[in-house]
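> Here is my input; please provide its structure:
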Amino acid sequence: PKPDPDQPGGFLPNRAAAKAGLNRSISDAGWGVFLTILHAKAESAGREVIAVDPRNTSRTCPECGHVSAENRPTQEKFYCQSCGHRAHADTVGAVNVLRAGLVRRDARKG
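Below is the predicted model:
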């Protein structure tokens with residue numbers, strides 16, 4: 001932002017909000033293209049893509065199901081405050097995403 005010479009403490013308009021909206025649209029389109037290609041590649045390889053909600057996947061204990069931000073004391077460590085289960089946070093997230101995907105797959109087949 002550039003200071004506005006006519007208004008002390010003010011700034012000239014730089015259309016940052018419009019740019020942010022454009023960047024968001026580009027990012028969304030990028031993910032859309034990526035997912036389209038991913039689905040096509042999976043289908044050609046005889047595989048299936050199942051979208052799952054990633055929220056709390058690395059904060060949920062795969063052993064007892066307890067969900068808490070405190071279960072993840074650092075970026076890489078997982079320690080369940082309820083049952084004491086310890087693991088790498090990425091492993092916990094991957095196990096929970098896999099389980100959620102299998103549940104969705106089985107629900108569609110059922």
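
> which stretches of this structure form strands?
Per DSSP state E, the chain carries strands over the ranges 77-79, 86-88.

> contact partners of the first one?
Read that as strand 77-79. With contacts defined as C-beta atoms under 8 Å, 6 or more residues apart in numbering, strand 77-79 is touched by 58, 61, 71-73, 85-89, 91-92. For the C-beta atoms, the positions are set from N, CA and C on the backbone; glycine is no exception.

> Pull the most distant pair out of those residues.
Farthest-apart pair in those is Pro73 and Thr91; separation 15.3 Å (C-beta to C-beta).

> now the helices for the chain?
Along the chain, counting by DSSP state H, helices occupy 16-44, 89-109.

> deepest of these, which one?
Scoring the helices of the chain by mean neighbour count under mean count of other C-beta atoms under 10 Å gives helix 89-109 as the most buried, with a mean of 14.

> Give me the helices and strands touching it, please.
strand 77-79 (3 or more C-beta pairs under 8 Å, 6 or more residues apart in numbering; DSSP states H and E).

> domains in this protein, as residue ranges please.
Domain assignment for the chain, taken from the TED database, gives 1-49, 50-109.

> how close does the closest residue to Glu70 other than its chain neighbours get to Cys61?
Leaving aside its chain neighbours, Glu70 sits nearest to Gln81 (5.1 Å; criterion: C-beta to C-beta, 6 or more residues apart in numbering). With distances taken as C-beta to C-beta, to the nearest Å, Gln81 is found 9 Å from Cys61.

> before we move on, what about Val103?
17 Å.

> middle-most residue in the chain, spatially?
Closest to where the C-alpha atoms of the chain average out (C-alpha atoms, centre = their mean) is Pro54, at 5.2 Å.

> And for Asn71, the neighbour number?
Per other C-beta atoms under 10 Å, the neighbour tally for Asn71 reads 21.

> now the one 5 residues further on
Counted with other C-beta under 10 Å, residues neighbouring Glu76 total 11.

> For the nearest residue to it once chain neighbours are set aside, list the residues it contacts.
Nearest non-adjacent residue to Glu76, counting by C-beta to C-beta, 6+ apart: Ala89, 5.5 Å away. Ala89 makes contact with 58, 72, 74-78 under the criterion C-beta under 8 Å, 6+ apart.
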